[in-house]
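J.: predicted structure and sequence below. I'll ask about it afterward.
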Amino acid sequence: MISFDNVTKRYPNGYDALSQVDFSLNQGEMAFLTGHSGAGKSTLLKLLMLMERPSNGRVLVGDQDLATLGNSQIPFHRRRIGVVFQNHQLLFDRSVFENIVLPLRICGFDPADAARRAHAALDKVGLLSKEKLNPVVLSGGEQQRVGIARAIVHKPQLLLADEPTGNLDPKLSEEVMRLFQQFNQVGTTVLIASHDLGLIARMPHRVITLQQGRLLSDGK
Ligand SMILES: Nc1ncnc2c1ncn2[C@@H]1O[C@H](COP(=O)(O)OP(=O)(O)OP(=O)(O)O)[C@@H](O)[C@H]1O
């Protein structure tokens, strides 16, 4: 599903955020990506989303070499991927429902179909009863669940998360992880960047560790 083949990412200032990274993730797998602050976790996720391009090596998503995709194809590529951020990036001038339905409308879904899918996504994260509220009144854990509903509403094959539990206490963090596991159990490939080593140790998943841009270890 994902393959990094000898990938180096050098930023324009000459800094190598990733050096010769090699790993692959099978379809339907769930893994954590960890490492110290600045190890290159976000950079690796940005390469998968085509927010950055590698300086060397190849990145494949679902057998497609991302180098073959031009900038005009980036929106189509991103429709295969769901992304969850630490700070939710929710729109606070719209309701919970509108936050979820908006990406579908932008993708051109029929309004009734978009509404049905948005309700199904909110139901999956247990927030259907809060659809009319403004996300600003929700707790941090609930806001993160809205972010997850928005990431999965278009049924992506690949779900990426960048420090999704960074602002949450241990109990809420485990709830969020359980949600990721549920999506993984129905076939979504999941990669979660996190430096919450305690939480990662309690989960039965593969752990890919970066250190100063290099792959330090890969296993459980
Ligand atoms: N656009 C950029 N230009 C130059 N250097 C960058 C750029 N983006 C990131 N870096 C550097 O690349 C390194 C890796 O950054 P990255 O954000 O990938 O790390 P990270 O593991 O996600 O860190 P954190 O856990 O703190 O978010 C850091 O030293 C960072 O300063």
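T.: Nice, thanks for sending it over.
J.: what residues are up against the one residue sitting closest to the centre of the chain?
T.: Residue closest to the average C-alpha location in the chain (CA atoms, centre = their mean): L160, at 1.8 Å. In this structure, L160 makes contact with 45, 48-49, 81-84, 190-193, judged by CB atoms under 8 Å, 6 or more residues apart in numbering. Quick note: C-beta positions are derived from backbone N, CA and C, even for glycine.
J.: got CSV for these, with neighbour count too?
T.: Shown next, in CSV, are the contacts of L160 (neighbours: other CB atoms under 10 Å):
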residue, neighbour count
L45, 21
L48, 22
M49, 17
I81, 20
G82, 25
V83, 20
V84, 26
V190, 22
L191, 24
I192, 27
A193, 24
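J.: would you map the strands across the protein?
T.: 2-10, 16-25, 30-34, 56-61, 64-65, 81-85, 158-162, 189-193, 206-211, 214-219 (DSSP state E).
J.: for the fourth one, which helices and strands make contact with it?
T.: Identification of packing neighbours for strand 56-61 by 3 or more CB pairs under 8 Å, 6 or more residues apart in numbering; DSSP states H and E yields strand 2-10, helix 41-48.
J.: buried residues, the longest helix seen in the chain. List them.
T.: Assignment by DSSP state H gives helix 170-185 as the longest helix of the chain. By 16 or more other CB atoms under 10 Å, the buried positions in helix 170-185 come out as 172-173, 175-177, 179-180, 183-184.
J.: between the helices and strands packed on strand 56-61, which gets nearest to the ligand?
T.: Taking CB to the nearest ligand atom, helix 41-48 is the member of the helices and strands packed on strand 56-61 nearest to the ligand, at 3.3 Å.
J.: now the angle from that closest one to strand 158-162?
T.: Inter-element angle recorded for helix 41-48 and strand 158-162: 150 degrees (by axes from the mean of the first three to the mean of the last three CA atoms, to 10 degrees).
J.: centre of the chain to helix 41-48, how far?
T.: For helix 41-48, the separation from the chain centroid amounts to 10 Å (computed by CA atoms, centre = their mean, to the nearest Å).
J.: that one close to the ligand?
T.: Yes: Helix 41-48 reaches the ligand (CB under 6 Å from any ligand atom) through 41-43.
J.: quick one: that helix to strand 189-193, angle?
T.: Orientation check (the same axes, to 10 degrees): helix 41-48 against strand 189-193 gives 150 degrees.
J.: I'd like to know which elements helix 41-48 is packed against.
T.: Judged by 3+ CB pairs under 8 Å, 6+ apart, helix 41-48 is in contact with strand 2-10, strand 16-25, strand 30-34, strand 56-61, strand 158-162, strand 189-193.
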